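Participant: Structure here, sequence nowhere to be found:
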């Protein structure tokens, strides 16, 4: 059931990329997020450890202005998302709570035409890749179902950002498309444990450890969860020399 | 029944307005106290992820086979049935449940359990998760025990919402995602500690938790410290 839902979302993203004639990128995720979540626009901001950094993609001019405005003002839902690793669901930018929370941003966002704004952390535990923002012209909550779809698409954007698929438009988006949709098996304890183990084995940060784990699974045509289980059970170690993964 | 511990537990579960509230510590307390107050060997808390999954948030033990028993229930088992029906699901004797839950019943029996209960964590008409209780005896929980278990689950659900925010419908959705992401941070930290110190995941978790208790820090903060710090700074197991 859950695998089917994530696979369906990934299918839409891949289809969008194929129709546009390019490799899957975060822009495809944004484009799919608009009808999936029933919103007016979407954007993704990549972030380093210090907070939101730069806008990766937008679906329309209002999204671009909303994204830039938050970077300029240093306040808004997207900034809060990275601080807390919690989604921020501002279903009415005109209500008292939004006004109090973002005194500068809320008013200006409404002038730009945004009634509701939903921001999602692009995180996997301690790994932070950025923020996905959605806005709707009219206020109103995001249903539980659409919230779930937005989370699945945020997972997709996270993995694409970590794979570096958008830095030059020609990145390693391959693994996404070969049926090993990362959303399918992302949420298993062994994957997170194996990622943590690889930070020591390879002496790399968490984000790179995760990318290396996925790359290994892809190159060996194995499921991510199975590779992770082997690492956790200490049947497999990875080495910095890429040609030398050892099974012990 | 330890009535003093019972009343302390209700007070602790309701006391979530403290400044350093940590949702994972809170759910671990729910799992631990369930095993202390009820005749069960293990307890876990599964939360409903709006992505359409049931995910492990906390458990009384992090032994791999127990964690796997929780994870299987994303696919089949009492917690999934409980989540779907919004009602308690009981299997007082797992022998004979192979038809209902083939994978789950086999794995639970292999892990040494003979009975299982799942109690819904319910907020109005929405089920946000389940409290899962395992025992090595058949039919261990009487009606009074089950009522206490359900009361623990109910109070914990309310506590999760943090009273100060309860009027915002979005708060629950946001709070659950914080809990699920914190859980991932802890898993990553367990992996890092386990690899550095040659421990299994259960031992790594015990080390994290011991460090949190000894230094009066939140579990999530200790986990983040382990992830951010160079290896030389790791806590080491007590001799």
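Facilitator: Done, it's in. Given the structure is predicted, the values throughout are model-derived calculations rather than measurements.

Participant: contacts, neighbours, all on C-alpha from now
Facilitator: Fine.

Participant: for chain B, what are the low-confidence residue spans?
Facilitator: For chain B, the stretches with pLDDT under 70 are B:1, B:16-19, B:162-169, B:232-239.

Participant: Can you name the residues of it sitting close to chain A?
Facilitator: Neighbours of chain A within chain B, by CA under 8 Å from any CA of the partner chain: B:49-53, B:55, B:71, B:75, B:170, B:174-175, B:177-178, B:181-196, B:224, B:227.

Participant: what helix or strand is residue B:113 on?
Facilitator: When elements are assigned from DSSP states H and E, residue B:113 belongs to no helix and no strand.

Participant: where does it sit relative to residue B:34, distance-wise?
Facilitator: As for residue B:113, its distance to residue B:34 is 16 Å (criterion: CA to CA, to the nearest Å).

Participant: neighbour count winner among these two?
Facilitator: Neighbours around residue B:113 and residue B:34, counted as other CA atoms under 10 Å in any protein chain shown, are more numerous at residue B:34. The numbers are 26 against 21.

Participant: Now for the more buried one: which residues touch it?
Facilitator: Residues near residue B:34 by CA atoms under 8 Å, 6 or more residues apart in numbering or on different chains: B:40, B:43, B:133, B:149, B:152.

Participant: Whichever strand or helix holds it: how far from the chain's middle?
Facilitator: Per DSSP H and E: residue B:34 is located in helix B:23-37. Centroid separation between helix B:23-37 and its chain, computed with CA atoms, centre = their mean, to the nearest Å, is 7 Å.

Participant: same for the helix or strand just after it, what does it pack against?
Facilitator: Tracing the chain C-terminally past helix B:23-37 and defining elements by DSSP H and E, one meets strand B:42-49 next. The contact analysis (3 or more CA pairs under 8 Å, 6 or more residues apart in numbering or on different chains; DSSP states H and E) places strand B:42-49 against helix B:23-37, strand B:53-59, strand B:126-135, helix B:170-197.

Participant: Would you indicate which residues of the helix or strand following the second one are buried?
Facilitator: What that stands for is strand B:53-59. Going down the chain from strand B:53-59, the next helix or strand is helix B:64-72, by DSSP H and E. Residues of helix B:64-72 classed as buried: B:66-72 (neighbour count, 16 or more other CA atoms under 10 Å in any protein chain shown).

Participant: what distance separates the start and the end of stretch A:64-82?
Facilitator: Distance between the two ends of stretch A:64-82: 19 Å, counting by CA to CA.

Participant: how much space between residue B:20 and chain A?
Facilitator: 14 Å (CA to the nearest CA, to the nearest Å).

Participant: check contacts around that residue.
Facilitator: Applying CA under 8 Å, 6+ apart to residue B:20 gives the contacts residue B:218.

Participant: try 10 Å this time
Facilitator: Going by CA atoms under 10 Å, 6 or more residues apart in numbering or on different chains, residue B:20 touches B:217-218.
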